[in-house]
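Novice: Quick one, what's the 3D model for this:
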Amino acid sequence: MRKLLGLLLVPIAVASCGGSSASTASNTPTTSPTPVIAVVSKSVKGKTEDVLTNTNAQTLYYLTSDVAATPACAGQCLNNWPPLVLSSGDPGSGASLPGKLTVATTPNGRVVLYNGHPLYTFVRDKTSNDANGEGINAFGGTWHVATPTLAAS
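Specialist: Numbering: from 1, shown residues only. Down below sits the predicted model:
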């Protein structure tokens, strides 16, 4: 019996050790089987705004120069701005949004779009209250928080 129990626990122990992946949270896309987009009031550059957030209450952003089919955010950009990636299915929202949530298959994966804009988080947002990426000029455009009123691209 002891030997049988030991044999049963070996695969569990091996599985819990994980793979040899060197990826870190800072450059790994946010992935969820069904992301729930929420709307949360946050302080953005000293002004309270309703912003879109992911399931971890992280602020979501869009890049003004981004196009869903060929995202401007690639390579080094993805280390700072991980896209909101959907592993399967359609995106959902925990709030009634005036715009449309969709998914585009891009070189970055199945990226969630709001009104045609790919959505990203920002690695310098350390708490759910942060919106530190607002107004940053980088990677060919300007980053802005995604709001429910974001116009279609």
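
Novice: Hmm, residue 58 is touching residue 126, no?
Specialist: No. Counting by C-beta atoms under 8 Å, residue 58 does not reach residue 126; the two are 9.8 Å apart. Where C-beta positions appear, they are placed from N, C-alpha and C, glycine not excepted.

Novice: between these two, who's got more neighbours?
Specialist: residue 58 (23 against 10; other C-beta atoms under 10 Å).

Novice: Next, work out how far apart the more buried one and residue 97 are.
Specialist: Residue 58 is 17 Å from residue 97, where distance means C-beta to C-beta, to the nearest Å.

Novice: can you tell me how far the most centrally placed residue in the chain sits from residue 93?
Specialist: In the chain, the residue lying closest to the centroid (C-alpha atoms, centre = their mean) is residue 84, at 2.6 Å. Distance, residue 84 to residue 93, using C-beta to C-beta: 12 Å.

Novice: Now the terminal residues of stretch 133-148, how far apart.
Specialist: Separation of the first and last residues of stretch 133-148 by C-alpha to C-alpha, to the nearest Å is 17 Å.

Novice: can you list contacts of that stretch?
Specialist: Residues from elsewhere that reach stretch 133-148, judged by C-beta atoms under 8 Å, 6 or more residues apart in numbering: 39, 42, 44-45, 49-52, 59-66, 72-73, 77, 80-81, 95, 97-99, 114, 117, 119-120, 122, 124-125, 131.

Novice: What ranges does this protein have for its helices?
Specialist: Ranges of helices within the chain are 2-17, 77-80, based on DSSP state H.

Novice: Lowest mean pLDDT across those helices, which one is that?
Specialist: If you rank the helices of the chain by mean pLDDT, helix 2-17 sits at the bottom with a mean of 35.

Novice: Tell me where this protein has strands.
Specialist: Assigned by DSSP state E, the chain shows strands spanning 30-32, 36-44, 47-53, 61-63, 84-86, 92-93, 101-106, 109-114, 117-118, 137-138, 141-145.

Novice: if we can go back for a sec, quick one: buried ones out of the contacts of stretch 133-148?
Specialist: 39, 42, 44, 49, 51-52, 59-63, 66, 73, 77, 80-81, 97, 99, 114, 117, 119-120, 122, 125, 131 (16 or more other C-beta atoms under 10 Å).

Novice: how far out from the middle of the chain is stretch 123-137?
Specialist: Centre-to-centre, stretch 123-137 and its host chain are 13 Å apart (C-alpha atoms, centre = their mean, to the nearest Å).
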